[in-house]
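**Student:** Quick one: sequence plus predicted model below, questions after.
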Amino acid sequence: MNGIALAPWACDPARSRGRRIPEAAAPPRTEHQRDRDRIVHSTAFRRLVYKTQVFINHEGDLFRTRLTHSLEVAQLARSAARALRLDEDLVEAIALAHDLGHTPFGHAGQDALHACMQDHGGFEHNLQSLRVVDALEVRYADFDGLNLSFEAREGILKHCSRRHAEKLCASEPDGPARRFIDGSQPSLEAQIVNLADEMAYNAHDIDDGVRSGLVTMAQLGDVPLFARFRDEALAAHPLLAQGGGRRLMYETIRRMLSTEVEDLVAATDRAVAAAAPVDADDLRRRPALARFSPALRDGIADLKRFLFAELYRHPQVMHTTAQARRIVAELFEAYVAQPGQMPAEHRTAVDRHRAVADYIAGMTDRFAQREHARLTGRDAFAA
Ligand code: MG
């Protein structure tokens, strides 16, 4: 651990609650290193490169995809975890796996699939991420899925409805869904990844938003958090006011991210010191301890509201998401009507609707688009 001992409330891999199917240890790797390594080698992880974050994959090569987003989340979360003496390997594993269950076309795809599955148990991407690592990956002789540690699975199941939690607990009473019934928290490692996720998308959506031309630096100047770091960057480098503004944007984002990580570490450190948990399980019974300072939290909330109104709801983004929703809905309809159009392993499932949802959820943007064109004879993005 880089010579630094883990905090008493960290998830020490030597004291892991273990895997669903027990496996012999594999020194010198720790259990959480093995989790991380299995995720990196999974098929679902490789597909993230062609899955949308905000912009559809074909809209440009420089926009974030789920893969680059996940790497940025891992970087931010590891920085904070190291300073907080948490298990960095676990943080990295959770960060790299947190979006594995995302459908093609980002939230538009997820909403469409959820609507299609309304009468068949619904579709939740967090639950799907767990399903990918628990069941859908096909790699190992002895088990389905990746057989990850409890701590990794707990972090991956970030949200879960009560209904699904009850269903999961019926087959695994002390599993990762339990906390959604008894109201406890996940590990501090998992809590840190959640906040790193937020930091990452706020920052990269500014970048992608400006790059796409859908939001401008002038508009961002009305967002206090952004204006604060832009002004700091300009005070240190007055020449950044000239030119196209890209360097100024990056200097601003860089300063914002550094301050957010420092603030997260300091505020979390204070909260943990005040709560004084004796170990990781004791910490799980406390209210969430990972946090920003109140001032920064409010600034981040403003920025999120701005991105929601100006970028995620931008008419151009809404137009492509409407097309994407149609692709997913029409694919669903086509496969349910003709399961023979799916590969053999998806055809034979007892629950046809779930099998179709799993198949579609696993698709990349471009594969979904090609399949849609093949089955309907139309290019949904042509209009
Ligand atoms: Mg994410």
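**Tutor:** Received the coordinates, thanks.

**Student:** Tell me if residue 295 really is in a strand.
**Tutor:** No: in this structure, residue 295 is helix, not part of a strand, as judged by DSSP: H, G, I helix; E, B strand; the rest coil.

**Student:** Enumerate every residue touching it.
**Tutor:** Not one residue lies near residue 295 by Cβ atoms under 8 Å, 6 or more residues apart in numbering. Placement of C-beta: from N, CA and C, glycine included.

**Student:** okay, it: pLDDT?
**Tutor:** For residue 295, the pLDDT comes out at 97.

**Student:** With residue 383 instead?
**Tutor:** Looking at residue 383, its pLDDT reads 57.

**Student:** again, but for residue 148
**Tutor:** pLDDT, residue 148: 98.

**Student:** show me what contacts it?
**Tutor:** Residue 148 makes contact with 19, 35, 38, 39, 93, 97, 133, 134, 156 under the criterion Cβ under 8 Å, 6+ apart.

**Student:** Now tell me which helix or strand of this protein has the poorest mean pLDDT.
**Tutor:** helix 344-347 (a mean of 90; mean pLDDT, DSSP states H and E).

**Student:** how about it: buried residues?
**Tutor:** Across helix 344-347, burial judged by 16 or more other Cβ atoms under 10 Å covers residue 346.

**Student:** can you pull the contacts of the closest residue to residue 286 other than its chain neighbours?
**Tutor:** Nearest non-adjacent residue to residue 286, counting by Cβ to Cβ, 6 or more residues apart in numbering: residue 275, 5.0 Å away. Residues in contact with residue 275 (Cβ under 8 Å, 6+ apart) are 283, 286, 287, 289.

**Student:** Find the closest residue to the ion in the stretch 51-200 of the chain.
**Tutor:** Closest approach between the stretch 51-200 of the chain and the ion, counting by Cβ to the ion: residue 197, at 4.3 Å.

**Student:** contacting residues for that residue?
**Tutor:** Neighbouring residues of residue 197 by Cβ under 8 Å, 6+ apart: 73, 95, 98.

**Student:** again, 6 Å this time
**Tutor:** residue 73 (Cβ atoms under 6 Å, 6 or more residues apart in numbering).

**Student:** Can you list the buried residues in the top helix by length along the chain?
**Tutor:** Ordering each helix of the chain by length in residues (DSSP state H) puts helix 246-275 first. By neighbour count with 16+ other Cβ under 10 Å, helix 246-275 contains the buried residues 248-249, 251-253, 255-257, 259-261, 263-265, 267-268, 271-272.

**Student:** so residue 176, which of the three states?
**Tutor:** Quick answer, by three-state DSSP: residue 176 is coil.

**Student:** what's the burial count for the spatially closest residue to residue 82 that is not a sequence neighbour?
**Tutor:** Once flanking residues are discounted, residue 82 sits nearest to residue 88: 5.7 Å by Cβ to Cβ, 6+ apart. For residue 88, the neighbour count with other Cβ atoms under 10 Å is 25.

**Student:** Now do residue 88, the pLDDT please.
**Tutor:** For residue 88, pLDDT reads 98.

**Student:** you'd agree it is up against residue 81?
**Tutor:** Yes: using Cβ atoms under 6 Å, residue 88 makes contact with residue 81 at a distance of 5.0 Å.

**Student:** which of the contacts of residue 275 count as buried?
**Tutor:** Judged by 16+ other Cβ under 10 Å, buried ones among these: 283, 286, 289.

**Student:** quick one: buried residues of the following helix or strand past the longest helix of the chain?
**Tutor:** Next helix or strand after helix 246-275 toward the C-terminus (DSSP states H and E): helix 280-284. Going by neighbour count (16+ other Cβ under 10 Å), the buried part of helix 280-284 is 280, 283, 284.

**Student:** Remind me which helix or strand the closest residue to the ion within the stretch 251-383 of the chain belongs to.
**Tutor:** Relative to the ion, the nearest point of the stretch 251-383 of the chain is residue 304 (13.5 Å; Cβ to the ion). Assigned by DSSP H and E, residue 304 falls within helix 294-307.

**Student:** Can you classify the closest residue to the ion within the stretch 201-350 of the chain by secondary structure?
**Tutor:** Nearest residue of the stretch 201-350 of the chain to the ion (Cβ to the ion) works out as residue 201 at 6.2 Å. Of the three states, residue 201 takes helix under three-state DSSP.

**Student:** now the next helix or strand after the helix holding residue 304, how far from the centre of its chain.
**Tutor:** Going down the chain from helix 294-307, the next helix or strand is helix 315-337, by DSSP H and E. Offset of helix 315-337 from its chain centre (Cα atoms, centre = their mean, to the nearest Å): 22 Å.

**Student:** Helix 315-337 packs against which elements?
**Tutor:** helix 106-116, helix 352-361, helix 365-376 (3 or more Cβ pairs under 6 Å, 6 or more residues apart in numbering; DSSP states H and E).

**Student:** Show which residues not belonging to that helix make contact with it.
**Tutor:** With Cβ under 6 Å, 6+ apart as the test, helix 315-337 has contacts from 56, 105, 108-109, 112-113, 116, 341-342, 356, 360, 368, 372, 375-376, 380-381.

**Student:** In ChimeraX, select just the buried ones from the residues you listed.
**Tutor:** Of the contacts of helix 315-337, the buried ones go into a single ChimeraX selection, burial set by 16+ other Cβ under 10 Å:
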select :56,105,108,109,112,113,116,341,342,356,360,368,372,375,380,381
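
**Student:** Thanks again, I'm all set now.
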